[in-house]
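K.L.:
Here is my input; please provide its structure:
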Amino acid sequence: MVALSKDQMSALIALRHELHRHPEVSGEEAWTAERIAQELEALGADRIWRGLGGHGVAAEFAGREDGPTVLLRCELDGLPIREISDLPYVSEIEGKGHLCGHDGHMVSILGVAMHLAKRPAKGRVILLFQPAEETGAGAKAVIEDPRWPEIRPDYAFAYHNVPGRPLGEVGLRAGAGNCASRGMQILFEGRSSHAAAPEDGLSPASAMASLMARLPALSQGVIGEEDFALATLTHAALGEPTFGIAPADGELRVTLRTMSNERMETVIADALAEVERVRGDLRVEVQWHDVFRSVVNDAGATEIARTAAKSIALATHEMDVPMRWSEDFGRFGDDGALAAMVYVGSGEGQPQLHNPDYGFPDDLLPDVIGLFRKIVDDLLGISAGKTPIAL
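P.N.:
Reported below is the predicted structural model:
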């Protein structure tokens, strides 16, 4: 397998820094998407889909013979978090940053595109730059796009960088890989009254106080156990900041988390039952946000990734338990692809994902590009083709 040249790697790093300076949050990735599409055009993609499921971009690199479709997926979006950094390429967008590493994920997949100037012997490779991963909406929107049947893969692979693990170490886990999660927003409407006569109103305070204890108590077990559940209170608001008014309105937000989609359904039912138990005469509305299904890694696809990692001398780590954090990549497995996410170490001393001082390490790029290129080679082979193009 031919490595990218020094100039190619330098171009990829420069592009990552450019993307890092201009983060766009979920649903707003128009500039990022067009920038990626321009690079894919320069790299000679056979076909490009724009505006996929929102701002998504996909590119096709087709082989000379029929064969399976292999999708490599990355994410376009940044986060609504202010970056704290003295890097020369720190975010220029106030209150937004690439603090999950999606800038590095995009550039990794473009590095694979450089190799694909020499087309696979058979089948085709689809490179998907997906929107709105951070809200859990993007993969679903892509799959529901009417053009998705033109793209639908037989195999799907993705990765996430993992702070706290050795740089370049490939974490693997067949079965549950990332937890299911969803945000539960509970809105209360009662009737205000003078603070001197609270009995003449209908305050949600008592119901909210009860739920603030009862909902977190739905947590059960530990990650790795089938009955694992975690309910995390993330926000509470009651009335207005006054002393003269007994409140009418309130809001609670709770994140529910489980290892499987089936367990999530039972936790949802339990949470709704708790709301019904305390609502009394209050008007209550429950809304759901950031809905993530669990990532379930196909055993065969995971073995393909394991074999590829070992063949290019990357260290591997067999994960005992899934990641607690969620990822909407699981939707592609639900749609029928043999799918696997791998978890690549980004450094033992690195800040955690979503920290304001997190930064994707450029030194990780060669390992990830090599891994995904080897996966493609093993599934589709390589035929003679054009000379790889530099960005």
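K.L.:
so what's the residue nearest to L272 when sequence neighbours are not counted up against?
P.N.:
Excluding the flanking residues, the one nearest L272 by Cβ to Cβ, 6 or more residues apart in numbering is V286, at 6.7 Å. The way it works is simple: take the backbone N, C-alpha and C, and place the C-beta from them, glycine included. By Cβ atoms under 8 Å, 6 or more residues apart in numbering, V286 lies in contact with M184, Q185, I186, L187, L272, V275.
K.L.:
quick one, what contacts the third one?
P.N.:
Okay, so that is I186. I186 makes contacts with L211, E251, L252, R253, V254, V275, V284, E285, V286, as judged by Cβ under 8 Å, 6+ apart.
K.L.:
and the second one, what element?
P.N.:
Using DSSP states H and E, E251 sits within strand 249-258.
K.L.:
now for that strand, which elements pack on it?
P.N.:
Where contact means 3 or more Cβ pairs under 8 Å, 6 or more residues apart in numbering; DSSP states H and E, strand 249-258 is packed against strand 180-189, helix 205-214, strand 229-238, helix 261-278.
K.L.:
ok and that strand relative to helix 205-214, angle-wise?
P.N.:
Interaxial angle, strand 249-258 versus helix 205-214 (axes from the mean of the first three to the mean of the last three Cα atoms, to 10 degrees): 10 degrees.
K.L.:
in its sheet, what does strand 249-258 sit against?
P.N.:
Strand 249-258 sits in its sheet next to strand 180-189 (antiparallel), strand 229-238 (antiparallel), going by DSSP bridges.
K.L.:
Would you pull up how far that strand lies from the middle of the chain?
P.N.:
Computed by Cα atoms, centre = their mean, to the nearest Å, the chain-centroid distance of strand 249-258 equals 21 Å.
K.L.:
Can you check what angle separates it from helix 261-278?
P.N.:
Calculated by the same axes, to 10 degrees, strand 249-258 forms an angle of 150 degrees with helix 261-278.
K.L.:
got the buried residues for strand 249-258?
P.N.:
For strand 249-258, a neighbour-count test (16 or more other Cβ atoms under 10 Å) marks D249, G250, L252, R253, V254, T255, L256, R257, T258 as buried.
K.L.:
so which pair among these is furthest apart in space?
P.N.:
Comparing all pairs in the buried residues of strand 249-258 by Cβ to Cβ, the longest separation belongs to D249 and T258, at 30.0 Å.
K.L.:
which element is the residue nearest to L272 on?
P.N.:
Applying DSSP H and E, one finds V286 within strand 283-292.
K.L.:
okay, the angle between that strand and helix 261-278?
P.N.:
Using the same axes, to 10 degrees, strand 283-292 lies at 160 degrees relative to helix 261-278.
K.L.:
Show the subsequent helix or strand relative to strand 283-292.
P.N.:
As the chain continues past strand 283-292, the following element, by DSSP H and E, is strand 295-297.
K.L.:
Residues touching that following strand, excluding its own?
P.N.:
173-178, 322, 326-327, 329-330, 333, 339-341.
K.L.:
distance of the closest residue in space to A308 that isn't next to it in sequence from H317?
P.N.:
Distances taken as Cβ to Cβ, 6+ apart place K374 nearest to A308, at 4.0 Å, with adjacent residues excluded. Distance of K374 to H317, computed by Cβ to Cβ, to the nearest Å: 18 Å.
K.L.:
Tell me which of these two has more neighbours.
P.N.:
Counting neighbours by other Cβ atoms under 10 Å for K374 and for H317 shows that K374 has the greater number, 20 against 17.
K.L.:
residues touching the more buried one, list them.
P.N.:
Shown in contact with K374 (Cβ under 8 Å, 6+ apart): M1, A308, A309, S311, I312.
K.L.:
which among those end up buried?
P.N.:
So, of the contacts of K374, A308, A309 end up buried under the neighbour-count rule (16+ other Cβ under 10 Å).
K.L.:
Need the max-distance pair from the contacts of K374.
P.N.:
M1 and A309 (12.9 Å).
K.L.:
shaky segments in the stretch 1-150 of the chain?
P.N.:
1-2 (pLDDT under 70).
K.L.:
hmm, 90 instead?
P.N.:
Where the stretch 1-150 of the chain drops to pLDDT under 90, the residues are 1-3, 117-118.
K.L.:
which residues of it fall in strands?
P.N.:
47-52, 56-62, 65-75, 122-130 (DSSP state E, counting those that start in this stretch).
K.L.:
can those strands go into JSON lines with extra columns for distance to H354 and mean neighbour count?
P.N.:
Shown next, in JSON lines, are the strands of the stretch 1-150 of the chain (distance: least, Cβ to Cβ, whole Å; neighbours: other Cβ atoms under 10 Å):
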{"stretch": "strand 47-52", "distance to H354": "26", "mean neighbour count": "17"}
{"stretch": "strand 56-62", "distance to H354": "22", "mean neighbour count": "24"}
{"stretch": "strand 65-75", "distance to H354": "14", "mean neighbour count": "21"}
{"stretch": "strand 122-130", "distance to H354": "18", "mean neighbour count": "25"}
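K.L.:
Give me the domain ranges for the protein.
P.N.:
6-178+294-380, 180-292 (automatic domain parsing).
K.L.:
now, of those, which is deepest in the fold?
P.N.:
domain 6-178+294-380 (a mean of 20; mean count of other Cβ atoms under 10 Å).
K.L.:
Give me the distance between it and the centre of its chain.
P.N.:
9 Å.
K.L.:
Next, the distance between the ends of that domain.
P.N.:
Domain 6-178+294-380 has an end-to-end distance of 26 Å (criterion: Cα to Cα, to the nearest Å).
K.L.:
Now do the helices in the stretch 51-200 of the chain.
P.N.:
With DSSP state H, counting those that start in this stretch, the ranges of helices along the stretch 51-200 of the chain come out as 102-115, 138-144.
K.L.:
Could you check the angle the first one makes with strand 65-75?
P.N.:
Our comparison of helix 102-115 with strand 65-75, counting by the same axes, to 10 degrees, yields an angle of 160 degrees.
K.L.:
Compute the inter-axis angle for helix 102-115 and strand 56-62.
P.N.:
Taking the same axes, to 10 degrees, one finds that helix 102-115 is oriented at 20 degrees with respect to strand 56-62.
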